[in-house]
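Visitor: predicted model follows, preceded by the sequence.
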Amino acid sequence: MIITVQNQKGGVGKSTISVHIAFELAKQGRTLLIDTDPQGSSRDWAAIRESEPPFPVIGLDRPTIHRDISKFTADYDHIVIDGPPRVSELARSGIICADLVLVPVQPSPYDVWAAEETVKLLQEASVYKENLKGVFVVNRKIVNTSIGREVNQALAEYGIPVLKTHVCQRVSFADSASSGSVVQEVDPTGKATNEIRLLVKEILNYA
Ligand SMILES: Nc1ncnc2c1ncn2[C@@H]1O[C@H](COP(=O)(O)OP(=O)(O)OP(=O)(O)O)[C@@H](O)[C@H]1O
Ligand SMILES: [Mg+2]
């Protein structure tokens, strides 16, 4: 399954979610993480790790990802694409090769409104790829709060499903990133780890 994590808004958690789901998917099958952001956050994450990650992380940051990916599809069960911020040919190229586009959104009306451009990219790509699926995942939800009515309403208007699993705002996500690890490694029985497991389970239902 090819999962592209994309939102044109910067800092919504594309790279965080990409490395965490790749780590989880790697337990179930051969997994590749493709960093398509010239900033190279996923590559930096892999580079500062003490040990090799349980999946390769490669960089493809030219808008030919949809062509280049065919070199890898036979060798991997799962490919995760960490998308770049901003609408660009690069973002389009990453979306067009996906089976599922995962759009992280922070639960604030501003972030939800800003997702419109990403939704448009998805709609454009659907013209070429009929079975392309897109889903929102709420990231950085504040623990013990519910998603505001305004946010739920605005998300519903896009006509794209919202995953049941929400990823909460937790220091362990930022802490683990600074050592090139993931929450599953630093706190295997923690709540963040559980959220990532549930998230991946839900994603695999779209396969
Ligand atoms: N659920 C979370 N809880 C706490 N911190 C988070 C969470 N998700 C992301 N962050 C933090 O938010 C910051 C931005 O996250 P990240 O780099 O994953 O976003 P991005 O969408 O990939 O950004 P860019 O658009 O620049 O590529 C990072 O410092 C990351 O550690
Ligand atoms: Mg990023």
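Guide: Sure thing, it's come through. Ligands and ions are numbered 1, 2, ... in the order given.
Visitor: what's the first-to-last distance across stretch 148-165?
Guide: Length of stretch 148-165, first residue to last, Cα to Cα, to the nearest Å: 16 Å.
Visitor: residue boundaries of the helices in the protein?
Guide: For the chain, helices defined by DSSP state H occupy the ranges 14-25, 41-48, 65-68, 70-73, 89-96, 109-114, 116-128, 149-157, 171-178, 183-186, 191-204.
Visitor: buried residues in the fourth one?
Guide: In this case it means helix 70-73. residue 72 (16 or more other Cβ atoms under 10 Å). Every C-beta, even on glycine, is put in place using the N, C-alpha and C of the backbone.
Visitor: helices or strands up against that helix?
Guide: Using 3 or more Cβ pairs under 8 Å, 6 or more residues apart in numbering; DSSP states H and E, no helix or strand is in contact with helix 70-73.
Visitor: give me the contact list for it.
Guide: Helix 70-73 has contacts (Cβ atoms under 8 Å, 6 or more residues apart in numbering) with 2, 32, 34, 79.
Visitor: looking at those, which is nearest residue 128?
Guide: Nearest to residue 128, judged by Cβ to Cβ, of these is residue 2 at 14.8 Å.
Visitor: in contact with that closest one, which residues?
Guide: Counting by Cβ under 8 Å, 6+ apart, residue 2 has contacts 69, 73, 78-79, 81, 97-100.
Visitor: circling back: next, format the helices of the chain as a markdown table and append distance to ligand 1 and mean pLDDT.
Guide: Output for these, formatted as a markdown table (distance: least, Cβ to the nearest ligand atom, whole Å; pLDDT from 0 to 100):
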| stretch | distance to ligand 1 | mean pLDDT |
| --- | --- | --- |
| helix 14-25 | 3 | 98 |
| helix 41-48 | 5 | 98 |
| helix 65-68 | 16 | 95 |
| helix 70-73 | 21 | 96 |
| helix 89-96 | 11 | 96 |
| helix 109-114 | 11 | 92 |
| helix 116-128 | 11 | 95 |
| helix 149-157 | 16 | 87 |
| helix 171-178 | 4 | 95 |
| helix 183-186 | 9 | 97 |
| helix 191-204 | 8 | 98 |
